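Trainee: Fold the following and give me the result.
(chains A and B)
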Protein chains: 2
Amino acid sequence: MSGTVKYQLDESHIPTHWYNIAADLPVPLAPVLHPGTKEPIGPSDLEPLFPMEIILQEVSQEREIEIPEPVREVYRQWRPAPLYRARRLEQALGTTARLYYKYEGVSPSGSHKPNTAVPQAFYNKEAGIKRLSTETGAGQWGSSLAFAGSLFGLTVEVFMVKISYQQKPYRRALMETYGARCVASPSDETDSGRAILKEHPDSTGSLGIAISEAVEVAAKRDDTKYALGSVLNHVLTHQTVIGLESLAQMEMADDYPDFVIGCAGGGSNFAGLAFPFIGNSLRGGKKPRVIAVEPAACPTLTRGHFAYDFGDTAHLTPLVKMHTLGSTFIPPGFHAGGLRYHGMAPMVSHLKQLGLIEAEAWHQSACFAAGVAFARAEGIVPAPESNHAVKSAIHHALRAKEAGTSPVILFSLSGHGHFDMQAYTDYFAGKLVDQPYDEAALKQALDCLPQVA
Amino acid sequence: MSGTVKYQLDESHIPTHWYNIAADLPVPLAPVLHPGTKEPIGPSDLEPLFPMEIILQEVSQEREIEIPEPVREVYRQWRPAPLYRARRLEQALGTTARLYYKYEGVSPSGSHKPNTAVPQAFYNKEAGIKRLSTETGAGQWGSSLAFAGSLFGLTVEVFMVKISYQQKPYRRALMETYGARCVASPSDETDSGRAILKEHPDSTGSLGIAISEAVEVAAKRDDTKYALGSVLNHVLTHQTVIGLESLAQMEMADDYPDFVIGCAGGGSNFAGLAFPFIGNSLRGGKKPRVIAVEPAACPTLTRGHFAYDFGDTAHLTPLVKMHTLGSTFIPPGFHAGGLRYHGMAPMVSHLKQLGLIEAEAWHQSACFAAGVAFARAEGIVPAPESNHAVKSAIHHALRAKEAGTSPVILFSLSGHGHFDMQAYTDYFAGKLVDQPYDEAALKQALDCLPQVA
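Mentor: A predicted model of the protein is given here:
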């Protein structure tokens, strides 16, 4: 048995700056529009929701944004995260490809989400904010913000998509262990939640609904701001520590990826790994194939429209130009709750339009089969979301075997599945079915996209 | 906020040898006796259960035992494990003590158990064995052996204590993800199991019963050996990578512990951290207070007898001299299933008799309160077993505050609690009660200890 190889950087290699891909774009991002006037918004329009430091990062054109020392100090608890050469998986597959994975499950909450939760909590604390409201799908973001809030003494209130709240009670217990309050969404605590419940009393919720509730709470209270776990530019920028470290680790391995693969729900984990590699190629470096992998039951990049849309269901957020299935689209309740979002990060969508990235969609049973094969070879049980990246990586590794080529495939293992074992239990019991989305509902949601001149 | 400090060794610091405390004992360990003849056994008596390499380690008097390169190669996936200075916890407690913890939850199965599961699987594979049988309490050992088995291509069969099988379905799912078969014990698959079920159809099981079942299966099949997750000398020796790394990390921190604290069920996690420090003091070095922490509901070291007893309930194992509550004692079904064993490692018991270690017992509600305080400060949610070490460390840190002293307290955080969130849920719901053991049952079990001349 030839073992899996770890490329471990020491803590002096934790990045000092995040990478902001806006500085390297060949075409600038479309402006964010006010939901009422449909005119471009300015920083002050976002002030009810975010502290100014975060708003400035959201619109920054600087290539490098300094990571505050108190944030790096927290990062040190688990960063640099390890990058592995998956030799045992390569042998199990009999592939000629070289497979690498960057593992973000070493964080206290078990996923990549603390990379942005910690700076968001820090900037809010610095701005004198007492309370953060947010939404969560699978619970990885909510538990990460709960963790970050506990470090900086902020109260955290999490609106958790109801289907996940029911399927994943232990994610809720984790949030409560960190001292946060967790509410099933749609709830009767907000106007947005009550409106949904009135029309659909049995609603299992969606990220779009939960975002509406969290935004509403923040907008109504002076001491409270909103924190988002994906989609926005500053979130994606914070996640680039993943890719920046991976660049250094691939150099340790004396290799460079031909494929860079990440699962994509809102897009932050994918962007975190991919943007530093895309940035390199935009500045004249090698150009790997960069693939965002999404669930076939919520195929935003592969089946959505590239259009202006709301980030939430109640239409409280600004309009952003992105790949979207329509803000009223409710995806089926599959297990990768973190990928269950109607939209995609505007920056990821923009790169897709520019042809700088590709997208793939896979059904969940194929993803779980890949995750189990991965666990048996590499020992780590991936989160259902991460299984999408594993599936794609294995797919391309097996194609390489057929073609007799030896590509270097790097993928992001965004989190472990220790809180998602019900999904594995269902998989082994044959209860995990592939749920197609409702074609008619999708058409209707796309027909209702807001009209923007 | 002054942050938690990580002392991270690079992989060149993974120990090349395990430390065998037998070489440094002032008084040798009492011999192991044959259950029939009550005469000391020889290596050949253990051959039905273990491969010869493991038997030789069990009786070795060599101070250093070389770690095979294929085992070190697997260790590299997560070792050296980090050692942290718990500055955020110190601040939350307002203590003058300096608190350090060695974190073993970074392994693929989330606890210290793979440290011995991997070499046990390796030695069995080398000896041509196809199948391993074992028992598990909380599931940490069973999932770790399942992980190790999957790496070396061994079939693994796990008898899981029924109360844990019911309380922790996700540990079972983890074992199945690694490809192992998991059976609730007592089961109807063995004579031992059937005998218990006949007398106690509602038995929730115990480690003693599960050991009987696993031993029976191994003894009856030529291609199958037995693997034990704690108690025996070779298991404790494999775990010394914990303490050996900690010695180097405390040197990095320019500090040395006044207290060395670990939770103790069978004793392997405690021994793994403590033995290298005790060895140092036996060879003339500084002598810290070394404390084994056990559940008040299963108080082996603090309330048991030091006597020859069986390791299992059906009396299939040899007799070992140890602290024991009697092999027929069934502890109440509290949440730290990994500490729910009637006996204690003979080597740990021996050190207790020699006055080289102390023991403390705490009830589970106090341990969970300590675990939640730890999680809110340090971000890591401990396993219920580990909460016992956390409780003791906090207790001594607060006593230091009262006394105005500044001791250095090192404790083992043997695993994370991601599979144990039901226990945290119960704790927050006020449903987690302290369950005293049955005094009359204990007296009866102790009265039934085997008579040895």
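Trainee: Going by secondary structure, A:L410 is in what exactly?
Mentor: strand A:408-413 (DSSP states H and E).
Trainee: hmm, that strand touching chain B?
Mentor: No. Using Cβ under 8 Å from any Cβ of the partner chain, we find that strand A:408-413 stays clear of chain B, coming within 11.8 Å at best. Backbone N, C-alpha and C define where each C-beta goes, glycine included.
Trainee: what mean pLDDT does that strand have?
Mentor: Mean per-residue pLDDT for strand A:408-413: 98.
Trainee: Which positions within the helix or strand following that strand qualify as buried?
Mentor: Once the chain leaves strand A:408-413, the next helix or strand it forms, by DSSP H and E, is helix A:421-428. For helix A:421-428, burial by neighbour count (16 or more other Cβ atoms under 10 Å in any protein chain shown) applies to A:421-427.
Trainee: Repeat that for stretch A:436-444.
Mentor: Result for stretch A:436-444 [16+ other Cβ under 10 Å]: buried residues A:437, A:442.
Trainee: likewise stretch A:36-54?
Mentor: In stretch A:36-54, counting by 16+ other Cβ under 10 Å, buried: A:41, A:45-46, A:49-51, A:53-54.
Trainee: For that stretch, which outside residues touch it?
Mentor: Under the criterion Cβ atoms under 8 Å, 6 or more residues apart in numbering or on different chains, residues A:31-34, A:55-56, A:58-59, A:120, A:123-124, A:126-127, A:129, A:215, A:218-219, A:225-226, A:234, A:318-319, A:450, A:452-453 lie in contact with stretch A:36-54.
Trainee: Give me the distance from it to the chain's centre.
Mentor: 22 Å (Cα atoms, centre = their mean, to the nearest Å).
Trainee: what do you get for stretch A:130-148?
Mentor: 13 Å.
Trainee: Same check on stretch A:192-206?
Mentor: The answer for stretch A:192-206 is 25 Å, by Cα atoms, centre = their mean.
Trainee: Ok, stretch A:301-321 next?
Mentor: Taking mean C-alpha positions (Cα atoms, centre = their mean), stretch A:301-321 and its chain are 16 Å apart.
Trainee: and that stretch, average pLDDT?
Mentor: The model assigns stretch A:301-321 a mean pLDDT of 93.
Trainee: distance between the longest helix seen in chain A and the chain's centre?
Mentor: For chain A, the longest helix by residue count, based on DSSP state H, is helix A:384-403. In terms of Cα atoms, centre = their mean, the centre of helix A:384-403 is found 19 Å from the chain centre.
Trainee: Is that helix in proximity to chain B?
Mentor: No. Judged by Cβ under 8 Å from any Cβ, helix A:384-403 stays clear of chain B, getting no closer than 11.6 Å.
Trainee: so which residue of the stretch 251-400 of chain A comes closest to chain B?
Mentor: Nearest residue of the stretch 251-400 of chain A to chain B, counting by Cβ to the nearest Cβ: A:G379, 3.5 Å away.
Trainee: Surely that residue touches B:Q77?
Mentor: Yes. In this structure, A:G379 is within contact of B:Q77 by Cβ atoms under 8 Å, at 6.5 Å.
Trainee: All set, thanks.
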